[in-house]
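Peer 1: The sequence and its predicted three-dimensional model are supplied below.
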Amino acid sequence: MAQPVPLRPVPAQPWGKVLVGALLLFVLLLAGWEAYWRSSYGVTPSIRNSYGLWAIQRRRIDAGEGAGTVFLGSSRAYFDMQLPVWERLSGHMPIQLSYEGTSPLTAVEDLAADPKFTGQLIIGVTPGLFFSGHGFALDVAAYTHKQSPAQRIGQWLSMNFIEPYFAFYDDDYALLTVLARQPWPQRPGRHWFRDVRKLSMHDANRNGYLWSKVDVDSQYRALARSIWEEGFVVYPDDPTTEQRLKTEKQQVERAVKALAQLRARGARVLFVRFPSDGPYLEVEDRLYPRTRSWDGLLAETHAPGIYFSDYPQLRGYYLPEWSHLTRAEAEQFTAALYQIIQQDFWGPQAAEPKSASTASKP
């Protein structure tokens with residue numbers, strides 16, 4: 001029979017003082033880390049854009065707001081559409097379901113399969129994402145439908161007791177993220193793309209807007225532009241033109257099917273091509289020329305659309321890093337877009353819905 005292992009004697013220590021000392025050290029290090037980001041980089045607390053935050057807005061449809069207005073797109077539809085402005089003009093708070101760096105089509109399909117949604121859907125088209133189907137949050141709708149009670153509670157605790165008070169809690173300033181983006185030696189023959197840095201601020205209603213640092217800090221703005229430029233370079237393993245056209249056709253077919261489901265129960269859909277500028281716009285026009293991609297999308301889906309360059313009210317805005325409006329100009333843009341929609345598409349003064357062939361031209 002095995003002999004019991006004797007317990008190791010624990011020396012007598014002032015454990016209460018040890019605990020207090022450990023807590024004080026923890027608080028000191030935490031405060032130092034927080035102060036570092038606030039003072040050195042001008043970071044301020046903001047609600048994190050997470051799957052849980054998206055799920056809260058998605059559930060508004062199930063809670064009885066299915067006849068309202070929903071925004072779906074990528075970061076341009078997210079940052080350039082200001083919810084308070086839309087609410088002030090329309091009298092109703094829209095539902096923001098756009099997600100950065102992600103094609104909206106998976107979420108559009110989710111709404112198409114939900115009989116509770118019968119409202120107005122504004123879909124932002126960022127060519128490189130919409131026509132490729134790419135995105136890092138393509139499973140956000142699936143997450144919403146299987147979100148556990150524990151995950152809901154965790155989201156509530158985080159957005160009420162941590163995110164509004166701690167700047168370092170932003171994903172871009174997590175310790176592991178900071179370590180990962182250090183200039184480590186690259187493996188020969190392999191190019192490592194830098195992750196997109198923090199560009200935006202968010203609130204609990206998912207009203208997002210461009211972080212002011214991108215506008216006022218020339219070095220940070222140059223950093224944001226240089227990261228975009230990495231994606232403009234042609235690499236040997238990039239999709240061929242034939243592959244790109246095939247994928248584009250598949251995405252349009254997905255849109256056709258989803259929009260047919262939406263319109264069958266009375267939902268209205270409007271595509272919007274938000275502004276871009278400089279080298280970003282040049283690359284988009286080269287890879288996804290309007291006459292093929294945008295015009296083809298409207299023709300196949302028989303849906304109306306607004307292309308920013310067709311309207312004087314939607315042109316001439318300042319995009320610091322070529323892809324997003326500043327917060328002040330996003331507010332002006334939202335008001336201008338709302339007036340166009342009311343006048344030409346959905347408002348009581350709009351005579352007749354425009355056909356897909358003429359909807360994108362004033």
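Peer 2: Nice, I can see it. Residues are numbered from 1 along each chain as shown.
Peer 1: Gly32 looks like it's in a helix, true?
Peer 2: Yes: assessed by DSSP: H, G, I helix; E, B strand; the rest coil, Gly32 belongs to a helix.
Peer 1: which outside residues touch the lowest-mean-pLDDT helix or strand in the chain?
Peer 2: When the helices and strands of the chain are scored by mean pLDDT, DSSP states H and E, helix 175-180 comes last with a mean of 88. Helix 175-180 has contacts (Cβ atoms under 8 Å, 6 or more residues apart in numbering) with Asp171, Asp195. Yep, even glycine has a C-beta here, placed from its N, CA and C like the rest.
Peer 1: any idea whether Gly16 is helix, strand or coil?
Peer 2: helix.
Peer 1: nope, Glu331 is what I was after
Peer 2: Per three-state DSSP, Glu331 ends up helix.
Peer 1: What about it, how many residues nearby?
Peer 2: Each residue near Glu331 was counted by other Cβ atoms under 10 Å, and the total is 19.
Peer 1: contacting residues for it?
Peer 2: So Glu331 contacts Gln82, Val85 (Cβ under 8 Å, 6+ apart).
Peer 1: Now do it, the pLDDT please.
Peer 2: pLDDT recorded at Glu331 is 98.
Peer 1: Could you do Arg206 as well?
Peer 2: 97.
Peer 1: Determine the three-state secondary structure at it.
Peer 2: Under three-state DSSP, Arg206 comes out as coil.
Peer 1: Just give the closest residue to it, not the sequence neighbours.
Peer 2: Once flanking residues are discounted, Arg206 sits nearest to Gln96: 4.3 Å by Cβ to Cβ, 6 or more residues apart in numbering.
Peer 1: I figured that neighbour was touching Asp80, is that so?
Peer 2: No: between Gln96 and Asp80 there is no contact, the gap being 11.3 Å when judged by Cβ atoms under 8 Å.
Peer 1: Those two - which one has more neighbours?
Peer 2: Asp80 (31 against 26).
Peer 1: Report pLDDT for Leu199.
Peer 2: At Leu199, the model reports a pLDDT of 96.
Peer 1: Distance check, Tyr220 against Ser212.
Peer 2: Computed as Cβ to Cβ, to the nearest Å, the Tyr220 to Ser212 distance reads 10 Å.
Peer 1: between the two, which one's more packed in?
Peer 2: Tyr220 (20 against 15).
Peer 1: Could you pull up the residues touching the residue nearest to that one when sequence neighbours are not counted?
Peer 2: Nearest residue to Tyr220 in three dimensions, chain neighbours excluded: Lys213, at 5.2 Å (Cβ to Cβ, 6+ apart). Applying Cβ under 8 Å, 6+ apart, we find Lys213 in contact with Tyr41, Gly42, Tyr220.
Peer 1: tell me which element Lys213 is part of?
Peer 2: helix 212-216 (DSSP states H and E).
Peer 1: For the least confident helix or strand of the chain, buried residues please.
Peer 2: Buried residues in helix 175-180, counting neighbours by 16 or more other Cβ atoms under 10 Å, are absent.
Peer 1: Could you do stretch 219-236 as well?
Peer 2: Buried residues in stretch 219-236 (16+ other Cβ under 10 Å): Tyr220, Arg221, Ala224, Arg225, Ile227, Trp228.
Peer 1: possible to save the residues you listed as a markdown table with pLDDT?
Peer 2: Shown next, in a markdown table, are those (pLDDT from 0 to 100):
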| residue | pLDDT |
| --- | --- |
| Tyr220 | 96 |
| Arg221 | 97 |
| Ala224 | 97 |
| Arg225 | 98 |
| Ile227 | 96 |
| Trp228 | 96 |
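Peer 1: Show me which pair in the residues you listed is furthest apart.
Peer 2: Of all pairs drawn from those, the greatest distance, 13.2 Å, lies between Tyr220 and Trp228 (Cβ to Cβ).
Peer 1: Which residue ranges of the chain form strands?
Peer 2: 69-72, 95-96, 120-124, 200-202, 208-210, 268-273, 305-307 (DSSP state E).
Peer 1: so which of the ones you listed gets nearest Tyr288?
Peer 2: Per Cβ to Cβ, nearest to Tyr288 of these: strand 268-273, 10.3 Å.
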